Every structure is written in C-alpha cells, then in structure tokens.
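> below is the sequence, then the predicted model.
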Amino acid sequence: MESYYENRQLPQPVIPTLPPVHLLKGQTALVTGANSGIGRGIALALGKAGANVVVNYVTAPEDATQVVDEIQQGGGRALAVAADVSNEAQVEAMFATAVEEFGTVDVFVNNAGLQRDAPFHEMTSAQWDTVMNVNLKGAFLCSRAAVREFLRRGVRPDVSVAAGKIVFISSVHEVIPWAGHVNYAASKGGLMLLMKSLAQEVAEKRIRVNSIAPGAIRTPINTSAWQTSEAYAELMKLIPYKRIGEAEEIGRTAVWLASDFTDYIVGSTIYVDGGMTLYPGFETGG
C-alpha cells in the first residue's frame, strides 16, 4: 500500500528509527488528551520507554482503547480514563484512579488543548472561555493534582532522581502572534508563564517542569494544512527544515524530558518546529 506521502508525491519525512530504550521503566505517566494526535504519539512513546501509561480522553473512547491496546501489545501497561480536564472533580478522580491502579504518578504530560477560532471582533465569550478552560485552567487543575501526588510520595530513587516531572505541551504560538486565533495564542502564552512560574516554585522539591512547543505537526486536527500538495507547499514557506513534523517526534521529546537524562533542565521550552520560530520570512533581510 502506498504511503500518504507517496500517494500525493509529497516529500517523504526522514525520521530515524530508534530501538526502544526503557528510560522510564517502573514509572507511571498520565497524558491528557491522549487518544489522538500529539497526545497519542506521546502516550505510545512513553509506553515504549517502559512507563505505565494513563490515557486520558474526553470523547471517542474507542480511540483511547486503541492506544491502550497498542501499548499493551508492546508489553506495557496502560489504562484509559475519561475526564474533562477543566472539571476539578473529574481531574481529582482521574488522578485517584491512576494512583489506585499503578501506585503513583511519576510523569504528568499536559497535552489536552483545543481551538475555537474566530476574528477577534466576532469572537464570543463562549469561544474564549472554552479555550481558556481547557488549555489553561485544565493545565492548572491537572498540574496541581500532579504536584500534590509528587509531594505526597517524594523521590523514588529506584526509578528517578526527581520527585516528579511535568511536561506541558504548548505551541510555537506562545511566542508567535496568531491573528484569528487570539484566544488560543493567549492561552499558550499564559501556559508558558504558568510553566516557568511553577518550575521556579517547585524546583527545590525536586520536581522538574518544562514545556514542548510543537510547530506544524501532522495530525488529524490540521489536515487542511498538509493534505494537498498546494497546502503543503504553502506550509513549507514557514518551515526552514522543509518538512512537517510527526507526533512521534513530540513523543520522543517528551520521553527525553521525563527521563533523568534531562535532570538539569528546569523551566525550559523545547521548540520542536523545524525552525518555524526562526521566522523564515526574514531570511533575506526582511
């Protein structure tokens, strides 16, 4: 069967195949919005790295079950848990379920996020609130639950030198303005300072907090940006590396940030964007 890229004569992504390395063996990771797209890629990567994975979802339970099945088929342990991250009671119940099933949570990946786009003068308060409630309030509620569990448990030196790791999935739009998406960009800008302020506060407790800021990643949510040769060519004007990213690459970065290999990285954003934040429009001098 032809691949998506061969079928449309698009550039083939060159992603090196890496052997599984169990950097997170014995640890449990909870990933929000893990039933599709970037969250799915992160959950699968964490499973391959040896972690038990709690696969959070709010819709499409069959997709969450598929992620769980794939992790289990690879020899890992996983559990799907439904929860709306903007609902405090549901967040607390989700973490309680994770602790009951796996004993604790060592890694929290705040991936759940959404867009409700509109021109600013037409944007409704409901569109604004929906984005802020999931992208920012949800990050607060889930991270608070994670920090409380890390503090309760403390360092487990048999699995990690840190008491816990939090990885926020932000966006290049935490620094790149995005007309027509003001609520989304504002939520990601807020997420950046939530991450840094939290990292500053809990570092002395041996809790590491960092972010990944993806650029253009090939997921079902943004097919209009890459599904045709014309759209793909237009997208490449924004990416110096001249290819779209894959969810697997965000997953690998999340594994790296959750591992002890990065124990001295605190309060940083890792941009995984093919150079989008290099502002390629200025490569000829503006």
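Nice, thanks for sending it over.

> distance from the chain centre to the biggest helix by length in the chain, please.
Longest helix of the chain, by residue count under DSSP state H: helix 182-202. Centroid separation for helix 182-202 versus its chain: 14 Å, with CA atoms, centre = their mean, to the nearest Å.

> helix or strand right after that helix?
From helix 182-202 onward toward the C-terminus, using DSSP states H and E, the following helix or strand is strand 207-214.

> so which residues make contact with the helix or strand following that next one?
Later in the chain than strand 207-214, the nearest helix or strand by DSSP H and E is strand 217-218. By CB atoms under 8 Å, 6 or more residues apart in numbering, the residues outside strand 217-218 that reach it are G37, I38, W226, I244, G245, E246, A247, E249, I250. Where C-beta positions appear, they are placed from N, C-alpha and C, glycine not excepted.

> which one in those is the model shakiest on?
For the contacts of strand 217-218, the weakest pLDDT value sits at W226, with 67.

> in the longest helix of the chain, what's buried?
182-192, 194-196, 198-199, 202 (16 or more other CB atoms under 10 Å).

> got the angle for that helix vs strand 207-214?
Helix 182-202 and strand 207-214 are oriented at 160 degrees to each other (axes from the mean of the first three to the mean of the last three CA atoms, to 10 degrees).

> send the alpha carbons of helix 182-202 over as PDB?
Below are the C-alpha coordinates for helix 182-202, written out as PDB (Å, rounded to 0.1, in the frame of the first residue of the first chain):
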ATOM      1  CA  VAL A 182      -6.300  35.200  19.700                       C
ATOM      2  CA  ASN A 183      -7.800  33.000  22.400                       C
ATOM      3  CA  TYR A 184      -5.600  30.100  21.500                       C
ATOM      4  CA  ALA A 185      -2.400  32.200  21.400                       C
ATOM      5  CA  ALA A 186      -3.300  33.900  24.600                       C
ATOM      6  CA  SER A 187      -3.800  30.500  26.300                       C
ATOM      7  CA  LYS A 188      -0.400  29.300  25.100                       C
ATOM      8  CA  GLY A 189       1.300  32.500  26.200                       C
ATOM      9  CA  GLY A 190      -0.300  32.000  29.600                       C
ATOM     10  CA  LEU A 191       0.800  28.400  29.700                       C
ATOM     11  CA  MET A 192       4.400  29.500  29.100                       C
ATOM     12  CA  LEU A 193       4.400  31.600  32.300                       C
ATOM     13  CA  LEU A 194       2.400  29.000  34.200                       C
ATOM     14  CA  MET A 195       5.200  26.600  33.400                       C
ATOM     15  CA  LYS A 196       8.000  28.900  34.300                       C
ATOM     16  CA  SER A 197       6.400  30.100  37.500                       C
ATOM     17  CA  LEU A 198       5.600  26.600  38.600                       C
ATOM     18  CA  ALA A 199       9.000  25.400  37.700                       C
ATOM     19  CA  GLN A 200      10.600  28.100  39.800                       C
ATOM     20  CA  GLU A 201       8.300  27.300  42.800                       C
ATOM     21  CA  VAL A 202       8.700  23.500  42.900                       C
END
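
> that helix - contacts with which helices or strands?
Judged by 3 or more CB pairs under 8 Å, 6 or more residues apart in numbering; DSSP states H and E, helix 182-202 is in contact with helix 125-132, helix 138-153, strand 164-169, strand 207-214.

> what sits up against it?
Helix 182-202 is contacted from outside by 113, 115-117, 120, 123, 127-128, 131-132, 135-136, 139-140, 143, 147, 150, 166, 168, 170-171, 173-178, 208-211, 213, 266-267, 269, using CB under 8 Å, 6+ apart.

> and it with strand 164-169, angle?
Using the same axes, to 10 degrees: helix 182-202 against strand 164-169 is 160 degrees.

> picking up where we left off before, for the helices and strands packed on helix 182-202, which one ends up most surrounded?
strand 164-169 (a mean of 27; mean count of other CB atoms under 10 Å).

> let me see the mean pLDDT of that strand.
98.

> run through the stretch 101-250 of the chain and note the low-pLDDT ranges.
Scanning the stretch 101-250 of the chain for pLDDT under 70 picks out 223-227.
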